[in-house]
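J.: next come a sequence and a model predicted from it.
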Amino acid sequence: ASQTADDQAFRTCIQEWVDIDEWLKVIAADSLIPNLEAVMMARNGYLYFRPDASAPHGGRFVLYEWDLDTTFQRATCYPTGCDPMTAVAGWYGPLKSRPAFIKRLVTVFKTELCAAMNEFLSTVYDPSLGDEIASVLEPAFVDEPNTTQQAWQSEVDAIRSYIVSQVSSNSSSAS
């Protein structure tokens, strides 16, 4: 990320090794969903070398996230602002820091990242999908000893409200 000064040389080289489309989808999702332990914050990601005989080096690296238990737990952008291109939380490292590789990808592939964000907002960030997931999970919370049905519904409502607000506010930011 820091050794190739020329953006075009970086773009050409990195596409030989990294599945850029997949990485940008992960970065887009992490930029739009509050998640305290995301790859955007240099946490909880695995690299996997996916074999592909047509790739220059026999495959490309893809990124898999794990430990997403803090997703949607902060419905605000505190403390760094809500700009999806730059905002990060300062909980796990210096304020306003992202891994150098992610910063470089966001800079060099900004047009592609914006397209991935717009796709995410229009196809995945849909309140009805959240409602479907909640309806599947809800029966498990009926006799849950650690929460109430009212608390469960309150969290579902908060996530739905967050998604609705982000779709409308980020649609113009990601353009």
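T.: Yes, it's here.

J.: which secondary structure element contains residue 112?
T.: Taking DSSP states H and E as the definition, one finds residue 112 inside helix 110-123.

J.: helix 110-123 and whatever helix or strand comes next after that helix, what's the angle between them?
T.: Using DSSP H and E, the next helix or strand after helix 110-123 towards the C-terminus is helix 127-137. Relative orientation of helix 127-137 versus helix 110-123 (axes from the mean of the first three to the mean of the last three CA atoms, to 10 degrees): 60 degrees.

J.: tell me the helix or strand right after helix 127-137.
T.: helix 149-173.

J.: if we can go back for a sec, list the buried ones in the helix holding residue 112?
T.: Along helix 110-123, these residues count as buried under the neighbour rule (16 or more other CB atoms under 10 Å): 112, 113, 114, 115, 116, 117, 118, 120, 121. For the C-beta atoms, the positions are set from N, CA and C on the backbone; glycine is no exception.

J.: surely the second one is in contact with residue 28?
T.: Yes. Checked against CB atoms under 8 Å, the pair residue 113 and residue 28 is within contact range at 6.2 Å.

J.: and the least confident helix or strand in the chain by mean pLDDT, how far out from the chain middle?
T.: The helix or strand of the chain with the poorest confidence is helix 149-173; it has a mean of 75 (mean pLDDT, DSSP states H and E). Mean-position distance between helix 149-173 and its chain equals 16 Å (CA atoms, centre = their mean, to the nearest Å).

J.: cool, stretch 136-155 as well?
T.: Here stretch 136-155 is found 26 Å from its chain centre; the criterion is CA atoms, centre = their mean.

J.: likewise for stretch 107-126?
T.: In terms of CA atoms, centre = their mean, the centre of stretch 107-126 is set 10 Å apart from its chain centre.

J.: go on, stretch 62-70?
T.: 9 Å.

J.: what does that stretch contact?
T.: With contacts defined as CB atoms under 8 Å, 6 or more residues apart in numbering, stretch 62-70 is touched by 19, 22-23, 26, 30, 35-39, 43-48, 50.
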